[in-house]
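Peer 1: build me a structure from this.
(chains A and B)
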Amino acid sequence: MRRLLAAVALALIAAFLLAAPFAFKPYGVFILGMWAVMSIAAIGLNLTLGYAGQISLAQAAFVGIGAYVTAYLTTHGWPFWSGYVLAALACFAIGWLLGYPALRVQHHYLAFVTLAFTTLVYLVFRNEEWLTGGIYGISNIPRPSVLGLSMEPPRAFYYFCLAHLVLVSLATWWLIRSPWGRAFVAVRENPLRALSLGVDTRRYTLLAFALGAGLGGIAGALYAPLVQYIDPSPFALGLSLNLLLMVVVGGSGYFFGPYLGAVVAVLLPEWLRFTQGYYLMAYAVLVVFLMAVSPAGLLGLADRLLRARRAAAPRATP
Amino acid sequence: MSAVLEVHGLAKRFGGIVAVDGVSFDVRAGEILGIIGPNGSGKSTLFNCILGQLKPTAGDVRIDGRAVTGMRPCDLNRLGVSRTFQLLQIFPQLSVRENLILAGQEHQGTLLSRLLGRRDAGLSQRADEMLGFFRLAELGDERAGGLSYGQQKLLDAAMAFMAGPRLVLLDEPAGGVNLTMLAGLRDRLKAINAERGATFVVIEHNMEFVMALCHRILVLAEGRIIAQGDPAEVRRDPRVVEAYLGQ
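Peer 2: Reported below is the predicted structural model:
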């Protein structure tokens, strides 16, 4: 019964995502594409934070690195896929290198280290003009073609982003159900015991951190051709905090948390535009209210309500 | 018989406090060695030094003749040294079976095969065997956090045995377990020792449990071994009585 309900809900969401571009204006399609891209970045952070339990404020930097690598290469005549692959690999490698010293500390200390990293990367974007174009950024970022089909039109590129979200979701689903995912959860819940059972906690933590960074890179590689013009400002600390918000509001450690969190962080502000100047306030009140009611996020709240209902229902067997 | 574990001159100081003060002993293959002693006599510190959780100030530890002093717990575990903790240490969010699979998965295959290979790492059957052996057969799909305390204690022990270790260090396995469960646990430990030749070192306060389980007992007081022998000898030893009663 529950499986059937879940399948129906997934099918409805898929139908909506496929049909939506025909009902929306180009700006709406763009925002949906942004939702898909931010979902990928948040899925990465959910691996790091939700599954391996490491708080990171570096995700914006990885999205930025992915975006700049792709923007630089594609505006210098390289094919999109070279930028895409290099963005993912570079972010994985940088994540690993950053994690090596950074993961010696935990919790809010790790937050500070990763915050410093985001600031550092932002300064590189802004000041290294020869490479990044400085505050003028990089413009005219081309969109790729797939099998001879141009992804240039907004609708086509939206489907392109959606396809990537599906692929990333499937890979992540596989990952968290593999022995790696089990090890991630074990390291988060009880590192001491995990260590005594042969789980190399340092290596798995680094892997979760680097994989999260790599997904940030992939999100960046899609972000650049989505907006077609990048400058340093979107990759400052604000985006890191926003991604953290997506993971926590959606439900940290829940598979579907990042998608829902990205709805709240990307789509909700747009829907609240009718409130004119008050939309940021309304948005803030909503988020504060949610966090006060359910620190485990939207899916944590749903989980709790479902469990309460099941416990209240009379049971056939004691 | 050869020694599985050799501890030589092991010492651990915390600042000015000497928790373990030059302890040496061997554990032979197939032996069940008990370590008893009053609170604060250094039993748990000794365990933590042997297992690489703490770095000893002096001395060395050998497993099957191989020096392992200061080795990380995860590497030591993959050499076949397993442990349980004084306080319950299971993974409450995972199912009972998943707890057991986790306890075995790092002992086989490569990092890559653990990503791309089977989800249960081929360990479901072995996990069910362990569940049957520890009388938890019906509970495989339950969330581990939902079990009773005694059942969690059995799961904790089952996890320590999942990978077929050569040596298991048990830190107060009887603590907080009711009498029926306790008899079951002792019986299971004896069976594993007899059938698979696993070697144990057991820290325990419950004298009856220790005397019934162990072949040989070390008595620790103030970080030193003050007596050793078979259970009957230790029980009669006046130094042991003194250390416990403080006369």
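Peer 1: only C-alpha atoms, please: export the least confident helix or strand in chain B by mean pLDDT in PDB.
Peer 2: None of the helices or strands of chain B scores lower by mean pLDDT, DSSP states H and E than helix B:238-245, at a mean of 78. Provided in PDB are the C-alpha atoms of helix B:238-245 (Å, rounded to 0.1, in the frame of the first residue of the first chain):
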ATOM      1  CA  PRO B 238      44.000 -13.300  50.000                       C
ATOM      2  CA  ARG B 239      45.400 -10.300  47.900                       C
ATOM      3  CA  VAL B 240      42.200 -10.500  45.800                       C
ATOM      4  CA  VAL B 241      40.000 -10.400  48.800                       C
ATOM      5  CA  GLU B 242      42.000  -7.400  50.100                       C
ATOM      6  CA  ALA B 243      41.900  -5.500  46.900                       C
ATOM      7  CA  TYR B 244      38.100  -5.900  46.700                       C
ATOM      8  CA  LEU B 245      37.300  -5.300  50.300                       C
END
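Peer 1: how close does B:Leu220 sit to chain A?
Peer 2: According to CB to the nearest CB, to the nearest Å, B:Leu220 and chain A sit 22 Å apart. Quick note: C-beta positions are derived from backbone N, CA and C, even for glycine.
Peer 1: what pairs with that residue across the strands?
Peer 2: Beta-bridge partners for B:Leu220, by DSSP bridges, are B:Ile225.
Peer 1: pretty sure it contacts B:Lys43?
Peer 2: Yes: between B:Leu220 and B:Lys43 there is a contact under CB atoms under 8 Å: 5.7 Å.
Peer 1: now for the two: what residues contact both?
Peer 2: Taking CB atoms under 8 Å, 6 or more residues apart in numbering or on different chains as the criterion, B:Leu220 and B:Lys43 both touch B:35-37.
Peer 1: tell me the one among the residues you listed nearest to A:Asn190.
Peer 2: B:Ile35 (24.5 Å; CB to CB).
Peer 1: and the closest one, helix, strand or coil?
Peer 2: strand (DSSP: H, G, I helix; E, B strand; the rest coil).
Peer 1: got it, and B:Val7?
Peer 2: Assignment for B:Val7 (three-state DSSP): strand.
Peer 1: same check on the one 5 residues further on?
Peer 2: For B:Lys12, the secondary structure call by three-state DSSP comes out as strand.
Peer 1: how close does it get to chain A?
Peer 2: In terms of CB to the nearest CB, B:Lys12 sits 18 Å off from chain A.
Peer 1: off-centre distance for the least confident helix or strand of chain B?
Peer 2: Put simply, helix B:238-245 sits 25 Å off its chain's centre (CA atoms, centre = their mean, to the nearest Å).
Peer 1: and it, what other elements does it pack with?
Peer 2: strand B:216-221, strand B:224-229 (3 or more CB pairs under 8 Å, 6 or more residues apart in numbering or on different chains; DSSP states H and E).
Peer 1: which strands and helices sit next to the first one?
Peer 2: Okay, so that is strand B:216-221. Counting by 3+ CB pairs under 8 Å, 6+ apart, strand B:216-221 packs on strand B:32-36, strand B:224-229, helix B:231-236, helix B:238-245.
Peer 1: repeat for the last one
Peer 2: On a contact count with 3+ CB pairs under 8 Å, 6+ apart, strand B:224-229 meets strand B:17-28, strand B:216-221, helix B:238-245.
Peer 1: again, only using 6 Å
Peer 2: Under the contact definition 3 or more CB pairs under 6 Å, 6 or more residues apart in numbering or on different chains; DSSP states H and E, strand B:224-229 sits against strand B:216-221, helix B:238-245.
Peer 1: quick one: the shortest one to helix B:238-245, angle?
Peer 2: Per axes from the mean of the first three to the mean of the last three CA atoms, to 10 degrees, the angle that strand B:216-221 makes with helix B:238-245 is 50 degrees.
Peer 1: got the angle between strand B:216-221 and strand B:17-28?
Peer 2: Interaxial angle, strand B:216-221 versus strand B:17-28 (the same axes, to 10 degrees): 170 degrees.
Peer 1: give me every residue in chain B lying close to chain A.
Peer 2: B:73-74, B:77-78, B:83, B:89, B:91, B:102-103, B:105-107, B:114-115, B:119, B:121 (CB under 6 Å from any CB of the partner chain).
Peer 1: correct me if wrong: A:Gly33 contacts A:Phe160.
Peer 2: No: at 8.3 Å, A:Gly33 and A:Phe160 do not qualify as touching, with contact defined as CB atoms under 6 Å.
Peer 1: and the nearest residue to B:Ser24 once chain neighbours are set aside, what does it touch?
Peer 2: Of all residues not flanking B:Ser24 in the chain, B:His8 sits nearest, at 5.1 Å (CB to CB, 6 or more residues apart in numbering or on different chains). Neighbouring residues of B:His8 by CB atoms under 6 Å, 6 or more residues apart in numbering or on different chains: B:24, B:59-60.
Peer 1: and for A:Gly198?
Peer 2: B:74, B:77-78, B:106-107.
Peer 1: quick check, nearest of the residues of chain B next to chain A to A:Tyr51?
Peer 2: B:Phe91 (13.0 Å).
Peer 1: got the contact list for B:Leu54?
Peer 2: Per CB under 6 Å, 6+ apart, neighbours of B:Leu54: B:Asn48.
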